[in-house]
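Novice: Give me the fold of what follows.
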Amino acid sequence: MEDLIQVVDYDTNWPIQYQQEKLQILHALGDAVLDIHHIGSTSVPGLAAKPIIDILVGLEELPPSVDQITSVETLGYLYQGELGVPGRHFFRKGMPRTHHLHLVKRGNQVWENQLIFRDFLRAHPEKAKQYDALKRELAVQFRLDREGYVQAKAPLIEQLLSNARAWRQII
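Specialist: Numbers count the residues shown, from 1 in each chain. Model prediction:
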């Protein structure tokens, strides 16, 4: 079942999977890539996650060109446009999903939010544990409702992002 929400314990192979996929993405997009990062829960050591590798790619210009979209699709990704997030062009791979690719203009709000959220959770294990517990609870409650799962996480994510922005000001 495609949209079954499954949160699993941290897997030490996730960074390796990211590195392998990163090489393919860099080859597909070439010089258009200004920067690339492993983001999302699979990028935070010790954090439970849906087993989907999220990759953030910073480009100089959006939207991606037809050639860029086609190059990424040859890697098995499905292009889904902005998919409700202005300034982010989204691709998914696998059935069930294995990878999410987020193409953004480097330095835009999506870029900044993703990186500060990841870095904050990496630096604050107690906050990562709080997020871990919520995700595990919601994965049971919203097992067949991806949108409900995402919406139910949103208040804590916003709180953590606020904390992350304040933290960034003092580091």
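Novice: I'd assumed Gln159 was in contact with Gln130.
Specialist: No: using CB atoms under 8 Å as the test, Gln130 is too far from Gln159 to be in contact (9.4 Å). Any C-beta I mention is one placed from the backbone N, CA and C, and that applies to glycine too.
Novice: buried set for the helix or strand hosting Gln159?
Specialist: For Gln159, the host element (DSSP states H and E) is helix 146-170. For helix 146-170, a neighbour-count test (16 or more other CB atoms under 10 Å) marks Tyr149, Ala152, Lys153, Leu156, Leu160, Leu161, Ala164, Trp167 as buried.
Novice: The helix or strand of the chain at the bottom of the mean pLDDT ranking - contacts with which helices or strands?
Specialist: The weakest-scoring helix or strand in the chain, judged by mean pLDDT, DSSP states H and E, is helix 146-170 (a mean of 95). The contact analysis (3 or more CB pairs under 8 Å, 6 or more residues apart in numbering; DSSP states H and E) places helix 146-170 against helix 109-123, helix 125-141.
Novice: Can you tell me which of those is packed in deepest?
Specialist: Ranked by mean neighbour count, the helices and strands packed on helix 146-170 are led by helix 109-123 with a mean of 18 (mean count of other CB atoms under 10 Å).
Novice: That one relative to helix 146-170, how many degrees between them?
Specialist: Interaxial angle, helix 109-123 versus helix 146-170 (axes from the mean of the first three to the mean of the last three CA atoms, to 10 degrees): 80 degrees.
Novice: and Gly81, what helix or strand is that in?
Specialist: In the assignment (DSSP H and E), Gly81 maps to no helix and no strand.
Novice: so it touches His89, yeah?
Specialist: Yes: when contacts are counted by CB under 8 Å, Gly81 is listed as touching His89 (6.5 Å).
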